[in-house]
Structures are given as structure tokens and as C-alpha cells.
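Novice: Curious how this folds, go ahead:
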Amino acid sequence: MHFNLLCSDTETKARAATITTDHGTVETPIFMPVGTAGTVKGVHQRELRNDINPDIILGNTYHLYLRPSLEIIRQAGGLHKFMNWDRNILTDSGGYQVYSLAEQRKITEEGVKFQSHIDGSYHLFTPENVMEIQQHIGADIIMAFDECTPYPCDYQYAQKSMHLTHRWLGRCINHFKTLSPLYGHQQALFGIVQGSVYKDLRIQSAEFIAEADTPGNAIGGLSVGEPAEEMYAMTEVVCDILPVSKPRYLMGVGTPINILENIALGVDMFDCVMPTRNARNGMLFTAHGTINIKNLKWAQDYSPIDESAYTFVDTEYSKAYLRHLFLADEYLGKQIATIHNLGFYLWLVRTARKHIIEGDFASWKNMMVKQMNQRL
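Specialist: Coordinates of the predicted model:
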């Protein structure tokens, strides 16, 4: 993997760069659509390529391990071939899913024992076997195994958890070095900064992760319920420490406003289920604010879904028609809304990149935050 920093904004810490892997180049800042189980929910791969057009998507180690299973993915030739996706894929390590299974898991120094949400069977994730699982899945960028601390979280627990994540990273790195790629392309391992919302822990963790010298670095344990101001404060502290010469990935973030504010702090990569999940509930993001398409006010509005037309669907269908589809519980409504929201998120980060390069990112970002912070 190669990271090339092209330019930085003069008024903020925003940056435009490229990440190049064996599956192509990713232009940053980038938003990665979440393809949890080998699919971005409600979107055909053809639409994903042609209409949303991301350079990279995200897969989920926990879900893919349980279903369809590593054996099936391996026999298919890896996740790229299994899901017919020839661009970049990033897989998380399963740490967040383990965090969300609080009643069904036990954390020890060895790893995490958990029960499957599918059939209740018991499984063990360790730093070593998570590297092997991601080797079998075959993503271009893979994540170290970590513990994602909850919010709120007391200082002692956050500190203990952070040190456990650091020890696990060492084991991940050592085991990853013993593995060979299975599908003819290289994989890059990212370490993950933890430390909850405690500044001194975040500083300590960022220094440790930077010293580990993985090809890229992630920031975990945020967007788990803390106020946005605390997220921004922790992100800024960490980005000031993580090396300029490597990509920075803020995991699980977030709203369009969250993304712009964190780009301004120096983050390069984002992922979140919000655009797809909210779309399925009728919530649409636009440059001028958020639309609840189920509201009566759109019943006779025959204008395009978004006047700015980020994707082809916005000009093909009206707000009135999309509202009708939702009220009639037609699957097409969720599909159109999903393509719109993902198209908007990709438009947002690509336009941010354009303004970083042109040198007026700060003023554009401030205007966009004000516009998007409205309910239409």
C-alpha cells in the first residue's frame, strides 16, 4: 500500500491524498459504504459501481466469519470474487461487534469468547486468528484486533482496555508477518488508537500506535454515544500525533457534519451505516438539510429528490413518488433512498477534496455545516 499526500488546507488540517493498493487508487478524503455481510444493503453491485462509484467499501470480519463462513469465501477465491467487486475492500477486525455483544462475550488476555447472534454457538477471537480470518477474506486493508470501550467508561477501565489493545496489536503484527496473501494481492494492516474520551490516554495510545509503524492508523472507540464535541476533541489530539505520511481512518463516523468537521481535523477515511440505515427509514441527507420523506409535506411535491442531483436517481424520481413508495411499503423506495444517501456522502467527500485542493475548504465547510444542520 502506498500513501501519497498531495496537499493540505492552509486554514484547517484537512488534506487531500491518494491510497494505492493492488486493487486501485483511493482518493481521500473518502467515505466507505458499509457492506457488512458482503453486500451494501439494498444496492446492486452494478449500481454501486456506476451510480455511487466508491473507490473502496467495507466488509465485516465478524459477520463474514459466521456467515457464509471462511471455507465458502476461500473456495470462491476471496471476498472480491465472491461478491463480484474488483475495487478496494477494507475489513474491520470484529472488535466493534464484540463490543456490541456485551451480554454474550467474555474478554481475557487471550482474546474474546463470544456467542453467535445467529445460532448461539461459541467462538473465540484472538489477535492471531483474526489476522488469519482477514487473510482468508482477502481485504486490501485489514484492521488489528482491539477492544472498543463503551461510553461512558470510567478511567481505570479505559486505561486497562487501551493497554490490552496495545498488547493485542503486537501479537497481530507478529502473526501477520508469518502469513502470505492467498489471492495474489497484498494486504495492509492498520493499528487502532483507543483511550475513550480521556486526553492523556488518547495521547499515550496515539504515540504507541504511531511507534508500531503499521502502514496506516485508525481511531476507534468514538461515535459510541459521546457528545460530538468530545469526539472532535479526541480526534484532534490523536491526529496531531499520528504521522502525516500515513492515512488516518476514523471508524464508524458519522453524520455528514461529523465527516466535514473531522476532515478539517486531519482525518482521511470514514465509514458508517448511517446513510444506508437512515435511508431505509425514509431519512434523506441533502446539501440543504435532512428530509423525512414520509412527511405529508412531500405528498404533492413533484420536484426531484434533491435539486442538486448527486446521483441519477435524484432526477428520475420525485419526492412525491418516493413518499408514495415508502407509504406503500415498496422495496424500491428503500433502494432509491439508499442510493441517494450513499451518492450524497460520496459527493460530499469528493467536493471536500476539491475545495482542499483549490484552497477554500474552510469557508465551504462552514457554509455546508450551516446548510446541512436543518430539517426540511
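Novice: When you work out contacts or count neighbours from here on, use the C-alpha atoms and nothing else.
Specialist: Will do.
Novice: In the helix or strand hosting Ala362, which residues are buried?
Specialist: Using DSSP states H and E, Ala362 sits in helix 361-372. For helix 361-372, burial by neighbour count (16 or more other Cα atoms under 10 Å) applies to Phe361, Ala362, Lys365, Met368, Val369, Gln371, Met372.
Novice: Need the pLDDT of the first one.
Specialist: Which is Phe361. Confidence at Phe361, expressed as pLDDT, is 98.
Novice: Pretty sure it sits against His355.
Specialist: Yes - using Cα atoms under 8 Å, Phe361 makes contact with His355 at a distance of 4.6 Å.
Novice: Surely Ile141 and His185 touch.
Specialist: No - taking contacts as Cα under 8 Å, Ile141 lies outside contact range of His185: 10.9 Å.
Novice: Residues touching the helix holding Ala362, excluding its own?
Specialist: 9, 11-12, 14, 256-257, 260-261, 264, 285-290, 352, 355 (Cα atoms under 8 Å, 6 or more residues apart in numbering).
Novice: If any of those residues are buried, give me the PyMOL selection for them.
Specialist: The buried residues among the contacts of helix 361-372 can be selected in PyMOL (16+ other Cα under 10 Å) with this line:
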select buried, resi 9+14+256+257+260+261+264+285+286+287+288+289+290+352+355
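Novice: List the ones among the contacts of helix 361-372 that fall in strands.
Specialist: Phe285, Thr286, Gly289, Thr290 (DSSP state E).
Novice: May I have the beta-bridge partners of the third one?
Specialist: Note on Gly289: beta-bridge partners by DSSP bridges are Thr286.
Novice: For Thr255, see how far away it is.
Specialist: Look at Gly289 and Thr255: by Cα to Cα, to the nearest Å, they are 12 Å apart.
Novice: element containing Glu307?
Specialist: Judged by DSSP H and E, Glu307 forms part of no helix or strand.
Novice: Report how many residues lie close to it.
Specialist: 12 (other Cα atoms under 10 Å).
Novice: in the stretch 201-350 of the chain, which spans are strands?
Specialist: 216-219, 248-250, 269-271, 283-286, 289-292 (DSSP state E, counting those that start in this stretch).
Novice: pretty sure Tyr62 contacts Thr91?
Specialist: No - in this structure, Tyr62 is not within contact of Thr91 by Cα under 8 Å, at 9.5 Å.
Novice: which one of the buried residues of helix 361-372 is nearest Thr315?
Specialist: Met372 (20.3 Å; Cα to Cα).
Novice: Could you give the average pLDDT over stretch 38-52?
Specialist: pLDDT averaged over stretch 38-52 gives 94.
Novice: If you could redo that for stretch 220-233, that was the one I meant.
Specialist: 96.
Novice: show me where pLDDT drops low in the stretch 201-350 of the chain?
Specialist: For the stretch 201-350 of the chain, applying pLDDT under 70 flags the ranges 309-312.
Novice: if you set the cut-off to 80 instead, what comes out?
Specialist: Applying pLDDT under 80 to the stretch 201-350 of the chain flags the ranges 307-315.
Novice: in the sheet, who's paired with the residue nearest to the spatial centre of the chain?
Specialist: The chain has Asp271 as the residue nearest its centroid, 1.7 Å off, counting by Cα atoms, centre = their mean. Counting by DSSP bridges, Asp271 is bridged to Met32.
Novice: Verify the stated contact: it with Val34.
Specialist: Yes - under the criterion of Cα under 8 Å, Asp271 makes contact with Val34 at 6.5 Å.
Novice: what is in contact with these two at once?
Specialist: Leu58.
Novice: Pretty sure Gln300 sits against Ala320.
Specialist: Yes - in this structure, Gln300 is within contact of Ala320 by Cα under 8 Å, at 5.4 Å.
Novice: The two: which is more packed in?
Specialist: Just comparing Gln300 and Ala320: by other Cα under 10 Å the higher neighbour count belongs to Ala320, 20 against 13.
Novice: so can I have CSV of the strands of the stretch 201-350 of the chain showing distance to Lys177?
Specialist: CSV is the format used below for the strands of the stretch 201-350 of the chain (distance: least, Cα to Cα, whole Å):
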stretch, distance to Lys177
strand 216-219, 16
strand 248-250, 22
strand 269-271, 25
strand 283-286, 42
strand 289-292, 46
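Novice: which of Ile141 and His185 has more neighbours?
Specialist: A direct count of neighbours by other Cα under 10 Å for Ile141 and His185 places Ile141 higher, at 22 against 13.
Novice: what's near enough to touch the more buried one?
Specialist: Ile89, Leu90, Thr91, Gln187, Ala188, Leu189, Phe190.
Novice: if you set the cut-off to 10 Å instead, what comes out?
Specialist: Ile141 sits next to 1, 21, 56, 58, 88-92, 134, 186-190, 215-216 when contact means Cα atoms under 10 Å, 6 or more residues apart in numbering.
Novice: and what of Ile263?
Specialist: 12-16, 28-30, 250, 257, 269-270, 349, 352-353, 356, 361, 365.
Novice: rewinding a little: so what sits against both of Phe361 and His355?
Specialist: Listed as contacting both Phe361 and His355 by Cα under 10 Å, 6+ apart are Asp9, Ala14.
Novice: All good on my end, thank you.
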